[in-house]
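# sharing a model that was predicted from the sequence below.
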Amino acid sequence: MIIMIGGAPCSGKSTLTKKVISGLGSAVNVEPMKLFNCQKHKDILVVGRYPEDETFGGTDRLSYGTIKKFREFITQEYDKWRHIIIEGDRFFRAVDIEWLVSKHDAKVFVLQVDLDEENKRHKQRQDEQNETWLKGRRSQISNILTNLSLMGQIEVRLNNTERQGNSLKEEVMEIINGK
């Protein structure tokens, strides 16, 4: 199964993925796979790299050139792994999500936070992203959620509190552990 996690900036995508990774144990290895840097955790492939001491990781660390190679990469890797975890904006596009859920066993999550919590997180991270860019990212997620082809294919989860974040981690770990 492929687990895909998306959401607006500061919705907790990378934080959730890091929590899930910590539940998987140490990476067997971290290596480039063509354009894709991935972490391998036994029979689970995590697309992107997640250094412990950095806020931004995952697919944000991949070249934009990977976007056009995404489908080929997933098709090539799908049968090799029990699970593939993909997080972030790089591949969280309606056309790729539609393709993913139509061709593969996939679970797609959108994390949401209220605007006050989002702003608080931006301040904590000392982000310098301008409001116009942030509005564009929020609109992209809103468009995905209102896409008729994707309705019923995406699970929306609130992630305003640490408790909600921990609950999300448990939900993903249950999928990974087959419960």
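On my side now, so go ahead. Numbering: from 1, shown residues only.
# CA only for contacts and neighbour counts going forward, please
Will do.
# all the strands of this structure, in order from the start?
Listed in chain order, the strands found in the chain under DSSP state E are 2-7, 29-33, 36-41, 44-47, 83-87, 106-112, 154-158.
# weakest of those in terms of mean pLDDT?
Lowest mean pLDDT within those: strand 29-33, at a mean of 63.
# can you list the residue ranges for helices in the protein?
13-24, 70-77, 94-103, 115-125, 131-145, 162-176 (DSSP state H).
# so the shortest one versus strand 36-41, what angle?
This points to helix 70-77. 40 degrees (axes from the mean of the first three to the mean of the last three CA atoms, to 10 degrees).
# turn the strands of the chain into a markdown table, columns for mean neighbour count and distance to residue 166.
Converted to a markdown table, the strands of the chain look like this (neighbours: other CA atoms under 10 Å; distance: least, CA to CA, whole Å):
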| stretch | mean neighbour count | distance to residue 166 |
| --- | --- | --- |
| strand 2-7 | 23 | 15 |
| strand 29-33 | 13 | 25 |
| strand 36-41 | 21 | 21 |
| strand 44-47 | 22 | 19 |
| strand 83-87 | 23 | 17 |
| strand 106-112 | 21 | 13 |
| strand 154-158 | 16 | 11 |
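# for residue 137, find the nearest of those.
Closest approach to residue 137 among those (CA to CA): strand 2-7, 8.4 Å.
# show me what that closest one is packed up against.
Counting by 3 or more CA pairs under 8 Å, 6 or more residues apart in numbering; DSSP states H and E, the packing neighbours recorded for strand 2-7 are helix 13-24, strand 83-87, strand 106-112.
# ok, which of these comes nearest residue 148?
With CA to CA as the criterion, residue 148 lies closest to strand 106-112 of the helices and strands packed on strand 2-7, at 15.1 Å.
# show me what the closest one pairs with in its sheet, parallel or antiparallel.
strand 2-7 (parallel), strand 154-158 (parallel) (DSSP bridges).
# any chance of the helices of the chain in a markdown table, with mean neighbour count and distance to residue 1 too?
Formatted as a markdown table, the helices of the chain follow (neighbours: other CA under 10 Å; distance: least, CA to CA, whole Å):
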| stretch | mean neighbour count | distance to residue 1 |
| --- | --- | --- |
| helix 13-24 | 19 | 15 |
| helix 70-77 | 13 | 11 |
| helix 94-103 | 15 | 10 |
| helix 115-125 | 13 | 30 |
| helix 131-145 | 14 | 21 |
| helix 162-176 | 16 | 8 |
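# now distance to residue 17 too, for the strands paired with strand 106-112, in TSV please.
What follows is the strands paired with strand 106-112, written out as TSV (distance: least, CA to CA, whole Å):
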stretch	distance to residue 17
strand 2-7	8
strand 154-158	14
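# ok, which of those comes nearest residue 65?
Closest to residue 65 of the strands paired with strand 106-112 is strand 2-7 (CA to CA; 19.2 Å).
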